[in-house]
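Participant: What follows is a protein structure lacking sequence information:
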């Protein structure tokens, strides 16, 4: 998709089924880390986001003007839902699943709203709140909710102001079509940025000093901090260093990903490995797993360090959920 020009898109919402076993009680038996993204005592200020500040203009978002500092963002919003240091001087901070703010040298240089910033399977892991569907676009004296049909006057003003729009066109009647905004980009949204590869976290030990590794941090739907790594691990810690839960996930798809830098990152991701096993290991070559109880393509697993399950497709390992014990 050309993000620098007006594009007419048809957006289709896809539901991706996922098989998960409930390990919440086991994970909850350990003290949970108080650490949240960027600030261990901060909370996302939903009341602020739901107020009149939930407005996008040609030069501001959430009450923050282009050029505002990252410190201003933290004061205004509390903390991001997703925190991704792309490079030494570039950072992306997301609020919810649909809104991303772009910082260079700690200053706001752009922002983007889209229904699918991240791959759907990862986006579904990030915290969700109804207010993220209530962002308004305000230009001069005209305001429209991004969930409502686009007014032609607003469309013209947005394009004249240099805002890049992605639109979805739908049929109202046999003779009338309407448009809605599926995405907006303002300023520099790091379309051509080259993000540094994410680190892989070692799982040989019970502890990991995650601050020494390059990861994407995000808050999940249960307000717990998770870390996406370069080896398709989603890691949750307790006591800030000790493993609590690790999800080993299938490669994330790059279709319907509106965050350009994340599309680039996906090219650098590596498949997961655990002990002598790895993504798409053949079950027939793993006698340790052949002896396990496999039901509905789920193989339960337990060792002195971990318990959980592997997911199997076509007699190959594709994913896993592991709890430290």
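Facilitator: All right, it came through fine. No experiment lies behind these values; they were computed from the predicted model shown.
Participant: Just the element for residue 72, please.
Facilitator: According to DSSP states H and E, residue 72 maps onto helix 70-77.
Participant: likewise residue 263?
Facilitator: helix 260-266.
Participant: Residues in contact with that helix: which ones?
Facilitator: 3, 86, 92, 117-119, 189-195, 197-198, 251-252, 254, 257 (CB atoms under 8 Å, 6 or more residues apart in numbering). From N, CA and C alone the C-beta is placed, and that goes for glycine too.
Participant: Point out where this structure drops to low pLDDT.
Facilitator: 1-53, 130-133, 285-293 (pLDDT under 70).
Participant: Please parse it into its domains.
Facilitator: According to automatic domain parsing, the chain comprises the domains 41-187, 275-325.
Participant: Return the most buried member of those.
Facilitator: domain 41-187 (a mean of 18; mean count of other CB atoms under 10 Å).
Participant: just so I have it, where are all the strands in the stretch 201-325 of the chain?
Facilitator: 216-219, 225-228, 233-238, 242-248, 273-274, 277-278, 294-295, 298-302, 306-313, 316-324 (DSSP state E, counting those that start in this stretch).
Participant: the helices in the stretch 101-250 of the chain, which residues?
Facilitator: 120-123, 152-160 (DSSP state H, counting those that start in this stretch).
Participant: Is residue 76 in contact with residue 61, as I believe?
Facilitator: No. With contact defined as CB atoms under 8 Å, residue 76 does not reach residue 61; the gap is 10.0 Å.
Participant: ok so, going back, can you lay out the helices of the stretch 101-250 of the chain as a markdown table showing distance to residue 309?
Facilitator: A markdown table is the format used below for the helices of the stretch 101-250 of the chain (distance: least, CB to CB, whole Å):
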| stretch | distance to residue 309 |
| --- | --- |
| helix 120-123 | 18 |
| helix 152-160 | 48 |
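Participant: Out of the ones you listed, the one nearest residue 243 is which?
Facilitator: For the helices of the stretch 101-250 of the chain, the distance to residue 243 is smallest for helix 120-123, at 19.9 Å, taking CB to CB.
Participant: Show me what the helix holding residue 72 is packed up against.
Facilitator: Packing partners of helix 70-77 (3 or more CB pairs under 8 Å, 6 or more residues apart in numbering; DSSP states H and E): helix 46-50, strand 64-65, strand 90-95, strand 99-104, strand 107-114.
Participant: Go through those and name the closest to residue 267.
Facilitator: strand 90-95 (17.0 Å).
Participant: center of this structure, which residue is that?
Facilitator: residue 123 (4.5 Å; CA atoms, centre = their mean).
Participant: Starting from the top strand by length along the chain, tell me which strands it pairs with and how they run.
Facilitator: When the chain is parsed with DSSP state E, its longest strand is strand 176-187. Strands that pair with strand 176-187, judged by DSSP bridges, come out as strand 107-114 (antiparallel), strand 164-173 (antiparallel).
Participant: how close does residue 270 sit to residue 120?
Facilitator: 21 Å (CB to CB, to the nearest Å).
Participant: no no, residue 206
Facilitator: Note on residue 206: its distance to residue 120, by CB to CB, is 32 Å.
Participant: returning to what we had before: for residue 301, which of the helices of the stretch 101-250 of the chain is the nearest?
Facilitator: helix 120-123 (21.6 Å).
Participant: Remind me what the closest one packs against, helices and strands.
Facilitator: Short answer (3+ CB pairs under 8 Å, 6+ apart): helix 120-123 packs on no helix or strand.
Participant: ok, back up a step: in CSV, list the strands of the stretch 201-325 of the chain along with distance to residue 136.
Facilitator: Conversion of the strands of the stretch 201-325 of the chain to CSV gives the following (distance: least, CB to CB, whole Å):
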stretch, distance to residue 136
strand 216-219, 24
strand 225-228, 30
strand 233-238, 33
strand 242-248, 36
strand 273-274, 46
strand 277-278, 47
strand 294-295, 49
strand 298-302, 45
strand 306-313, 41
strand 316-324, 39
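Participant: Of these, which is nearest residue 127?
Facilitator: strand 216-219 (4.9 Å).
Participant: For stretch 225-243, buried residues please.
Facilitator: 225-238, 243 (16 or more other CB atoms under 10 Å).
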